[in-house]
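Visitor: Quick one, what's the 3D model for this:
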Amino acid sequence: MNWIFLLIIFLATLGGGIIPMVVRKVHPNLPIYLLAFTGACLFGITIMHLLPEVFHELGNSAGIYIVIGFFVQVALQQLSHGTEHGHTHVPTDHHHHVPIAPLLLGLSIHAFMEGIPLGFNFNDNVAMPSLVIGIAAHKLPEALTLMTVMIHSHHRGTKLWRILLIFSLVTPLAAILAAELGSHSAYMTHIITYVVALVIGAFLHISTTIFYESGTKHHELSYRKVIAISAGLLLAFLTLIFE
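Guide: Here you go, the predicted model:
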């Protein structure tokens with residue numbers, strides 16, 4: 001278990017959540033292009049590093065669990081209102097009507113699932129640092145959106161900081177749990193492989209949704225958004241250099 005990697009994930013989540021808490025008005029274009037960049041990066045890393053790993057371990061059955069994971073994420077989205085891909089499906093002026101408990105539950109389950117692959121023992125030495133880059137990038141807009149919704153729901157002060165701190169710990173703690181279970185049982189290692197396949201399905205849902213939905217009313221792809229997506233994919237491709 002590389003504690004530096006977990007610290008990076010923790011600080012990325014914390015940093016994303018702090019932005020709307022300390023900046024009165026975030027530029028509207030920042031979330032749009034940040035989402036496009038991070039979504040593309042996560043997509044590229046999932047395809048190039050995670051998919052080969054689970055198909056190597058599970059064979060053709062990996063595809064079944066990836067599809068299941070895709071639709072598990074669809075179900076979780078009903079609780080979180082799309083916060084995990086950087087925006088909600090509720091209009092901004094109705095954020096105070098978002099049921100906070102289901103949102104936090106859905107997002108926490110998603111964050112816990114994200115942590116499982118971080119505790120997995122990959123055969124590809126580049127897979128883990130690449131995954132950390134992808135998840136850390138994804139955590140920034142995810143936490144930013146969560147805290148924005150919480151602020152619009154009139155949460156303030158200590159409670160807001162406590163929610164952010166706990167949420168920032170969910171993914172690292174899931175990674176630690178997965179690593180501990182895997183180190184003590186070959187059977188648990190095998191089970192975790194199937195969970196990683198489920199998480200891949202969730203990542204594919206989130207990243208492809210970001211491509212078409214983030215920050216647009218008509219799901220159009222502006223040239224600036226294409227540049228952001230291209231930059232994210234380039235970062236993912238650059239991780240292959242170190243193999």
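
Visitor: tell me, what residue is most central in the chain?
Guide: H138 (4.6 Å; C-alpha atoms, centre = their mean).

Visitor: tell me which residues of whichever strand or helix holds T189 are tucked away?
Guide: T189 is part of helix 186-213, with elements assigned from DSSP states H and E. Neighbour-count burial for helix 186-213 flags 189, 192-207, 209-211, 213 (criterion: 16 or more other C-beta atoms under 10 Å). Any C-beta I mention is one placed from the backbone N, CA and C, and that applies to glycine too.

Visitor: Which other helices and strands does it contact?
Guide: helix 29-45, helix 51-58, helix 62-80, helix 100-115, helix 157-184 (3 or more C-beta pairs under 8 Å, 6 or more residues apart in numbering; DSSP states H and E).

Visitor: Please produce JSON lines containing those helices, extended by mean neighbour count, mean pLDDT and distance to I18.
Guide: Listed next are these as JSON lines, based on neighbours: other C-beta atoms under 10 Å; pLDDT from 0 to 100; distance: least, C-beta to C-beta, whole Å:
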{"stretch": "helix 29-45", "mean neighbour count": "24", "mean pLDDT": "85", "distance to I18": "14"}
{"stretch": "helix 51-58", "mean neighbour count": "18", "mean pLDDT": "92", "distance to I18": "33"}
{"stretch": "helix 62-80", "mean neighbour count": "18", "mean pLDDT": "89", "distance to I18": "20"}
{"stretch": "helix 100-115", "mean neighbour count": "19", "mean pLDDT": "86", "distance to I18": "17"}
{"stretch": "helix 157-184", "mean neighbour count": "17", "mean pLDDT": "91", "distance to I18": "7"}
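
Visitor: quick one on the thing from earlier: and the one helix or strand the residue nearest to the centre of the chain maps to, what other elements does it pack with?
Guide: Using DSSP H and E, H138 sits in helix 127-152. In terms of contacts (3+ C-beta pairs under 8 Å, 6+ apart), helix 127-152 is packed against helix 3-22, helix 29-45, helix 100-115, helix 157-184, helix 223-238.

Visitor: Report the inter-axis angle for the fourth one versus helix 186-213.
Guide: Relative orientation of helix 157-184 with respect to helix 186-213: 130 degrees, computed using axes from the mean of the first three to the mean of the last three C-alpha atoms, to 10 degrees.
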